[in-house]
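Visitor: Could you work out the structure for the sequence below:
(one chain, ligands or ions: 2)
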Amino acid sequence: MILNQHDNLALPESIDAVELILVNVPFKKPFSTSNYTWTGKEALLVKITSGELTGWGECVADPDPFYSPETVTSSRFIIKEFILPELKNIKTFGQLYDYFGKVRGNRMAKAAVENALLDLAAKQKGLPLYTYLGYKPVKIKSGISIGIKEKTYDVLYEVDEAVEKNYHRVKVKITKGKDLSVIRDIRKHYLILPLMADANGAYLQSEWEHLQKLDRFNLMMIEQPLGYDDIYEHSILQTRITTDLCLDESIHSIADARTAIALNACRVINIKQGRVGGMLEALAIAEYAQHHRVPVWSGGMDETGIGRAFNLHLQTHPGFTLPGDTSETSRYFNEDIINEPVVLDAEGYISLPDGNGAGVSINNDSMGKFTVAKELVY
Ligand code: OSB
Ligand code: MG
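Guide: Ligands and ions are numbered 1, 2, ... in the order given. Next up is the predicted model:
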């Protein structure tokens, strides 16, 4: 069972082949959180073929366990050994989700396969993914996530660029020693900019008095200040600071979202469809949160254009009232693996991709250049 409206959607007809393709797409500049620095996007892609049509999914797991316990290698293993062999017995997305319930965790692996199946199923119906899922087209709000830098000056430079492009909100990564000073300097220049901070679990609950000092800067929210697997301590922290808390890493499922909302551990949720097991789980969380008047936004994992397209379609659900981490392609890459770059219009909005399914097409030259390995697995 997922959302009733999606349970009976049929899986694509007649799957001919499934390929797993590992790409490594260099970033323009390294991207740092409080925990790690990445220099490129290494992503496992799932390519499902049926006749003339192809569905694509992107696994958001990194090669390392520095954002999540799942990795490229663990997800490849789970996809190959425990997800694909079962597909022949599954007829609907509701049944797929029942089976996903048996395979514990490994939600990034599940999302990658689900995305490819949805892309292909929507293409077989001749519909854009958001229409296939039952949502209306909307312009998508933009947001930017600025990594931790050696010098505050370099953060300010990127904030200036974001403001110039009319991004709807700016998020900056913070860590111990690079928090109050960075936020204070941004606020000196931009008093009313919609601004938030993401700590990626850099603090302990015992450091709440330090986090309280962020309250004076009128931040939209502070994302995941405490442990990556904690919900309870965030609920204590939320009683001690006035700024809204937002959870990212510790929300893996609708069950986690229910727990977080019941405990008042956060007032906002960052939903990454790639982290929670796919579009359908993400939509169920958005639906639940909307019902409980908890605003949500779509996070990102510095995805290639494939994963980014799914994040865009996701935001057609009306629960996504806040700008997320969906930025222009040119912010991440000199060259992406798809042909349709994400760009902002003059008001900072992003258009949904045209075309059926996720609406993106592979750039074969770039794909060839960035492919590290590929394997036929079905
Ligand atoms: O914590 O939201 C995060 C990127 C990689 C891993 C974790 C995070 C992020 C981002 C960037 O903040 C989001 C994006 O621009 O896609
Ligand atoms: Mg985050």
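
Visitor: give me the number of residues near Leu120?
Guide: Other residues near Leu120 number 26, with proximity taken as other Cβ atoms under 10 Å. C-beta coordinates here come from the backbone N, C-alpha and C atoms, glycine included.

Visitor: on contacts alone, who are the packing partners of the helix or strand where it lies?
Guide: For Leu120, the element it lies in under DSSP states H and E is helix 107-125. Contact analysis of helix 107-125 by 3 or more Cβ pairs under 8 Å, 6 or more residues apart in numbering; DSSP states H and E lists strand 37-50, strand 53-59, helix 72-78, helix 93-102, helix 129-133, helix 273-276, helix 279-291, helix 305-314 as its packing neighbours.

Visitor: next structured bit after the fifth one?
Guide: Secondary structure here is assigned by DSSP H and E; on that basis, the next helix or strand after helix 129-133 toward the C-terminus is strand 144-146.

Visitor: Would you check how far apart Cys59 and Val113 are?
Guide: 9 Å (Cβ to Cβ, to the nearest Å).

Visitor: Comparing those two, which residue is more hemmed in?
Guide: The residue with more neighbours, out of Cys59 and Val113 and counting by other Cβ under 10 Å, is Cys59; that gives 31 against 24.

Visitor: re earlier: now tabulate the helices and strands packed on helix 107-125 in CSV and tack on distance to Leu211 and mean pLDDT.
Guide: Shown next, in CSV, are the helices and strands packed on helix 107-125 (distance: least, Cβ to Cβ, whole Å; pLDDT from 0 to 100):
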stretch, distance to Leu211, mean pLDDT
strand 37-50, 24, 98
strand 53-59, 33, 98
helix 72-78, 32, 98
helix 93-102, 36, 96
helix 129-133, 37, 98
helix 273-276, 24, 98
helix 279-291, 23, 97
helix 305-314, 28, 98
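
Visitor: For Leu156, find the nearest of those.
Guide: For these, the distance to Leu156 is smallest for strand 37-50, at 19.7 Å, taking Cβ to Cβ.

Visitor: What number of residues are in the vicinity of the nearest residue to Trp56 once chain neighbours are set aside?
Guide: Take Trp56 and drop its neighbours on the chain: the residue closest to it by Cβ to Cβ, 6 or more residues apart in numbering is Ile306, 5.1 Å away. For Ile306, the neighbour count with other Cβ under 10 Å is 25.

Visitor: One more: Tyr36?
Guide: 13.

Visitor: ok, now how distant is it from Ser181?
Guide: Computed with Cβ to Cβ, the distance linking Tyr36 and Ser181 is 22 Å.

Visitor: Kindly report the same for Thr316.
Guide: When Cβ to Cβ is applied, the distance between Thr316 and Ser181 equals 39 Å.

Visitor: Which of these two has more residues huddled nearby?
Guide: Neighbours per residue, other Cβ under 10 Å: of Thr316 and Ser181, the larger number sits with Thr316, 20 against 11.

Visitor: Which secondary structure state does that one sit in?
Guide: When states are read from DSSP: H, G, I helix; E, B strand; the rest coil, the local structure at Thr316 comes out as coil.

Visitor: that older thread, distance to ligand 2 added to the helices and strands packed on helix 107-125, as CSV?
Guide: What follows is the helices and strands packed on helix 107-125, written out as CSV (distance: least, Cβ to the ion, whole Å):
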stretch, distance to ligand 2
strand 37-50, 13
strand 53-59, 18
helix 72-78, 19
helix 93-102, 24
helix 129-133, 24
helix 273-276, 10
helix 279-291, 15
helix 305-314, 14
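
Visitor: Contact residues of the stretch 151-300 of the chain facing ligand 2?
Guide: Within the stretch 151-300 of the chain, the positions near ligand 2 by Cβ under 5 Å from the ion are 198, 223, 248.

Visitor: Please convert those residues to JSON lines, extending it with secondary structure and pLDDT.
Guide: Formatted as JSON lines, these follow (DSSP: H, G, I helix; E, B strand; the rest coil; pLDDT from 0 to 100):
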{"residue": "Asp198", "secondary structure": "strand", "pLDDT": "98"}
{"residue": "Glu223", "secondary structure": "strand", "pLDDT": "98"}
{"residue": "Asp248", "secondary structure": "coil", "pLDDT": "98"}
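
Visitor: now, among those residues, which is nearest to ligand 2?
Guide: If you rank these by distance to ligand 2 using Cβ to the ion, Asp248 comes first, at 3.6 Å.

Visitor: quick one: which of the helices and strands packed on helix 107-125 is nearest Gln212?
Guide: Nearest to Gln212 among the helices and strands packed on helix 107-125 is helix 279-291 (26.0 Å), distances taken as Cβ to Cβ.

Visitor: doesn't Lys272 make contact with Gly299?
Guide: Yes. Proximity of Gly299 to Lys272 meets the contact threshold set by Cβ atoms under 8 Å, at 4.1 Å.

Visitor: Pull the number of nearby residues for whichever residue of the stretch 101-250 of the chain sits closest to ligand 1.
Guide: Among the residues of the stretch 101-250 of the chain, Ser145 lies nearest to ligand 1; the distance is 3.5 Å by Cβ to the nearest ligand atom. Neighbour count of Ser145, defined by other Cβ under 10 Å: 24.
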